[in-house]
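Peer 1: My questions are about this predicted structure, shown below with the sequence.
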Amino acid sequence: QVRLVESGGALVQVGDSLRLSCAASGRTGAYDYAVGWFRQTPGKEREFVAAVNWNDRYYVDSVKGRFTVSSDNGRNTVYLQMNSLKPDDTAVYYCAASPLFSNSRDALRAPSYAYWGQGTQVTVST
């Protein structure tokens, strides 16, 4: 089992930056993991935001150039740096993990992931 805990969500203004953290514990040493970030607003499906799988990083078009996913393997933590935040970025953000995918497309799909955090709220106000 792998436990994921997100943190860093907050209420911010348009144009501000936030860094979300996803800390992993449990059987993190058994496999190398892909980590994805997803977000969800009420009444909508969970949306892919960013992912790291092997040495590759993926982003949804709406966040390219603004968001960056990085990892600190020594701390078993993955970060999502979010810059130039917009009101459309308002959502609950979730991180997810799964053993590395051989097919990179799986890293973009929520059902591919085995483990999920509880989510952290990001609100961007005008």
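Peer 2: Thanks, I have it. Note that the coordinates shown come from a computational prediction; the quantities given were computed from them, not determined experimentally.
Peer 1: Just give me the residue right at the centre of the protein.
Peer 2: For the chain, the residue sitting closest to the mean C-alpha position, by C-alpha atoms, centre = their mean, is W37 at 2.1 Å.
Peer 1: partner residues bridging it?
Peer 2: A50, C95 (DSSP bridges).
Peer 1: before we move on, what about S7?
Peer 2: Residues in beta-bridge contact with S7 (DSSP bridges): S21.
Peer 1: Go ahead and confirm it touches L18.
Peer 2: No - using C-beta atoms under 8 Å, S7 is not in contact with L18, being 10.7 Å away. C-beta coordinates here come from the backbone N, C-alpha and C atoms, glycine included.
Peer 1: Tell me which of those two has more neighbours.
Peer 2: Per other C-beta atoms under 10 Å, whichever of S7 and L18 has more neighbours is L18, with 20 against 13.
Peer 1: For that one, which non-adjacent residue is spatially closest?
Peer 2: M82 (4.9 Å; C-beta to C-beta, 6 or more residues apart in numbering).
Peer 1: give me the beta-bridge partners of that neighbour?
Peer 2: Bridge pairing for M82 - DSSP bridges - gives L18, F67.
Peer 1: how many neighbours does it have?
Peer 2: 25.
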